[in-house]
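The following comprises the amino acid sequence and a computationally predicted model.
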Amino acid sequence: MQTTNKFSCLIIEDEQPAAELLELYISRMDFMEMKGKFTNATQALKMLNSEKIDLLFLDINLPSISGIDFLRSLSPAPSAIFTTAYSEYAVESFDLEAVDYLLKPISFERFIKAVNRFLKLKNSKNGIENITSNQKEKPFIFIKCEKKMVKLILDEILYFEAQKNYLLIHTETEVYRAHHSISEMEEKIPEDSFLRVHRSFIVAINKVKTFTSNFVEVGNTKIPIGRFFLLSVTSALKKYFQ
């Protein structure tokens, strides 16, 4: 029987409503496991010293020691997503290579964006994540589509298409509709695998069959190349097709 390895995480947050909200959000992610919830950093230290923790949801304004100083003291430090009501710590948090910086109150959509950024970093650093004990699963992202979270395997995506207030995600088997801008999606996906060819289209590079100066062909679809994207598109595709 296969066992599933999840990303382990801790919540270090002294405001109970914020901690409970994060716990709720994490419970919706089937690839994440919350190992503990603490109101200050010193309480969490024992678990950090005894267990492998992949991700911290770390408040900055904590009693005794700030979240920033606490993260700086850890070696090696887990990945961290800072949570705070104050924006002035953003620069300092990113100096510590934090995954993201969430301002309270934290929406589920913004939480998902931060988690996807964590997944993207894990994929880029470690290659394909070892999700199961017996095999490696292909890189993926979670996208909110029609009021539910959908797991999308990156290698199954053909192209993204902007349509007014939403985005169509064309995969090998079906089409999903998400309330994201194409620019937001561009931030979530690996730039070495996807290519913006038009203000309304991003294509999977390895799904391109042919291309001209006017269009790229993905599957049975001809997708226009925008004139402002022509130089970057032809340069990238010529390298790929060498």
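Cool, the structure landed. Keep in mind it's a predicted model, so treat the numbers as computed, not measured.

From now on I want contacts and neighbour counts done on CA atoms only, so please keep to that.
Noted.

What lies in contact with stretch 202-222?
Residues lying outside stretch 202-222 but in contact with it, judged by CA atoms under 8 Å, 6 or more residues apart in numbering, are 157-161, 182, 186, 193-197, 223-226, 230, 234, 237, 240.

What of stretch 145-159?
Contacting residues not belonging to stretch 145-159 are listed as 138-144, 169-172, 176-179, 201-204, 207, 218-219 [CA under 8 Å, 6+ apart].

What is the subsequent helix or strand relative to the lowest-mean-pLDDT helix or strand in the chain?
The helix or strand with the lowest mean pLDDT-type score in the chain, counting by mean pLDDT, DSSP states H and E, is helix 90-95 (a mean of 64). Toward the C-terminus, helix 90-95 is succeeded by strand 100-103 as the next helix or strand (DSSP states H and E).

And the next helix or strand past that next one?
Taking DSSP H and E as the definition, the helix or strand that follows strand 100-103 towards the C-terminus is helix 108-126.

Counting by contacts, list what that next one packs against.
Here helix 108-126 is seen to pack against strand 100-103, strand 140-145, helix 182-188 when contacts are counted using 3 or more CA pairs under 8 Å, 6 or more residues apart in numbering; DSSP states H and E.

For ChimeraX, write a command that selects the buried ones of the contacts of stretch 202-222.
What follows is the ChimeraX syntax for the buried subset of these, where burial is set by 16 or more other CA atoms under 10 Å:
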select :157,158,159,160,161,182,194,195,196,197,223,224,225,226,230,234,237
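
Just the ones of the contacts of stretch 202-222 in helices?
Secondary-structure check on the contacts of stretch 202-222 using DSSP state H: residues within helices are Ile182, Glu186, Leu230, Thr234, Leu237, Tyr240.

Looking at those, which is nearest Pro76?
Checking the ones in helices among the contacts of stretch 202-222 against Pro76 by CA to CA gives Glu186 as the nearest, at 30.5 Å.

residues contacting the closest one?
With contacts taken as CA under 8 Å, 6+ apart, Glu186 has the following neighbours: Arg196, Ile202.

and it, how far is that from Asn214?
22 Å (CA to CA, to the nearest Å).

likewise Leu230?
As for Leu230, its distance to Asn214 is 8 Å (criterion: CA to CA).
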